[in-house]
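A.B. asks: structure for the following, please:
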Amino acid sequence: HPDDASAMVIAACLQTMAGCEDAALGLLERVFAQGCGKRDWVAHDPDYAPLRDDPRFQRLVANLD
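C.D. replies: Residues are numbered from 1 along each chain as shown. So this is what the prediction gives:
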């Protein structure tokens, strides 16, 4: 199920931990485009700490509810 939001979130976490930030951000863009994701959760999830300073990540979080 390539569009399963839960699977993409897990994959984004794994990509982030592997240092593949661009791949992680691409997955998060797909998840958030489906209407999934909560700003408080994403902004404070320690798995995404390496992405916090990335402008692309900041834009994604800013657009969440």
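A.B. asks: how close does residue 23 get to residue 17?
C.D. replies: 11 Å (CB to CB, to the nearest Å). In short, each C-beta sits where N, CA and C put it, glycine included.
A.B. asks: quick one, which of the two is more surrounded?
C.D. replies: Between residue 23 and residue 17, counting by other CB atoms under 10 Å, residue 23 is the more crowded of the two (15 against 11).
A.B. asks: could you find the closest non-adjacent residue to the more buried one?
C.D. replies: In space, and not counting its chain neighbours, residue 23 is closest to residue 15: 4.4 Å by CB to CB, 6 or more residues apart in numbering.
A.B. asks: how about the helix or strand containing that neighbour: buried residues?
C.D. replies: Following DSSP states H and E, one finds residue 15 within helix 5-17. Under the neighbour-count criterion of 16 or more other CB atoms under 10 Å, helix 5-17 has 5, 8-9, 11-13, 15-16 buried.
A.B. asks: helix or strand with the lowest mean pLDDT in the chain?
C.D. replies: helix 39-44 (a mean of 88; mean pLDDT, DSSP states H and E).
A.B. asks: give me the contacts around that one.
C.D. replies: Contact with helix 39-44 is made by 28, 48, 60-61, 64-65, as judged by CB atoms under 8 Å, 6 or more residues apart in numbering.
A.B. asks: any idea how far that helix is from the middle of the chain?
C.D. replies: Using CA atoms, centre = their mean, to the nearest Å, the mean C-alpha position of helix 39-44 is found 10 Å from that of the whole chain.
A.B. asks: related to what we said a few turns ago, tell me who's in contact with the residue nearest to residue 23.
C.D. replies: Residue 15 sits in contact with 21, 23-24, 27, where contact means CB under 8 Å, 6+ apart.
A.B. asks: let me have the residues you listed in a markdown table, extended by distance to residue 34, pLDDT and secondary structure.
C.D. replies: Conversion of these to a markdown table gives the following (distance: CB to CB, whole Å; pLDDT from 0 to 100; DSSP: H, G, I helix; E, B strand; the rest coil):
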| residue | distance to residue 34 | pLDDT | secondary structure |
| --- | --- | --- | --- |
| 21 | 21 | 97 | helix |
| 23 | 18 | 97 | helix |
| 24 | 16 | 97 | helix |
| 27 | 11 | 96 | helix |
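A.B. asks: I am finished for the moment; much appreciated.
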